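Participant: What would the 3D arrangement of this be:
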Amino acid sequence: MSDEGPKLYSTKPKKSQLKQQSKVKGMSSSPAPNPMDPPAPPPPPPSASSSSSSSGLPPHKESFARRYKFVWPLLLTVNLAIGAYLFVRTKNKGTVVEDGEVAADVPSTPVASTTAPIPEQLITEPVKVPKPTPELVKVQKSIPVDQQRELYKWMLEEKRKIKPKNPEEKKKVDEEKAILKQFIRAKSIPSI
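Facilitator: Next up is the predicted model:
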């Protein structure tokens with residue numbers, strides 16, 4: 001027979017049958033093995049020069065992850081280091097100043113002063129600091145009594161919705177509810 005490609009079977013042959021076929025091809029004059037005899041040791045794996053068509057099965061390959069298992073810890077460490085570097089770099093980029101504003105980039109070289117020296121007579125004189133002007137307090141309109149009562153009723157409803165977790169919290173909520181009930185029932189309500 002000529003060199004044939006891999007055979008396609010309708011039912012998968014057993015390994016012992018494949019071995020017998022390969023032995024038959026290799027040694028056509030050798031006697032057929034007796035099925036009662038113990039199985040022969042498996043043949044050595046095919047070398048790189050022999051093709052996979054002789055065994056019918058492709059050689060077993062390890063997965064990429066298993067072949068390069070020493071690379072994964074290194075890759076993980078490098079990613080962690082880069083992430084930490086970027087986190088620290090962005091955190092230190094803008095320094096926070098009062099009022100939540102970010103300071104502008106300050107040049108690293110000092111700027112030369114172009115002002116003239118201060119005369120001595122100005123140094124000895126006391127500095128006059130202007131007094132701060134008091135801000136005017138805005139008087140707001142008082143809330144009408146009806147609206148205050150509605151507000152107290154709403155607060156009482158919200159207090160009733162609260163579910164205390166311990167006895168002290170329950171006692172505190174009960175006291176607050178009692179005060180709110182007093183305000184609602186009173187004829188005159190203190191102004192807010």
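Participant: buried ones in the host helix or strand of Glu158?
Facilitator: Following DSSP states H and E, one finds Glu158 within helix 145-161. Residues of helix 145-161 classed as buried by neighbour count (16 or more other C-beta atoms under 10 Å): Gln148, Leu151, Tyr152, Met155, Leu156. C-beta here means a position set from N, CA and C on the backbone, and glycine is covered the same way.
Participant: contacts for stretch 160-169?
Facilitator: For stretch 160-169, the external contacting residues (C-beta atoms under 8 Å, 6 or more residues apart in numbering) are Lys170, Lys172, Val173, Lys177.
Participant: hey, C-alpha coordinates of stretch 68-75 in CSV?
Facilitator: The C-alpha trace of stretch 68-75 is given here as CSV (Å, rounded to 0.1, in the frame of the first residue of the first chain):
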residue,chain,number,x,y,z
TYR,A,68,4.9,29.2,30.7
LYS,A,69,3.7,28.8,34.3
PHE,A,70,6.8,30.6,35.6
VAL,A,71,5.8,33.7,33.7
TRP,A,72,2.5,34.3,35.5
PRO,A,73,3.8,35.4,38.9
LEU,A,74,6.3,37.7,37.2
LEU,A,75,3.5,39.2,35.1
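Participant: Many thanks, have a good one.
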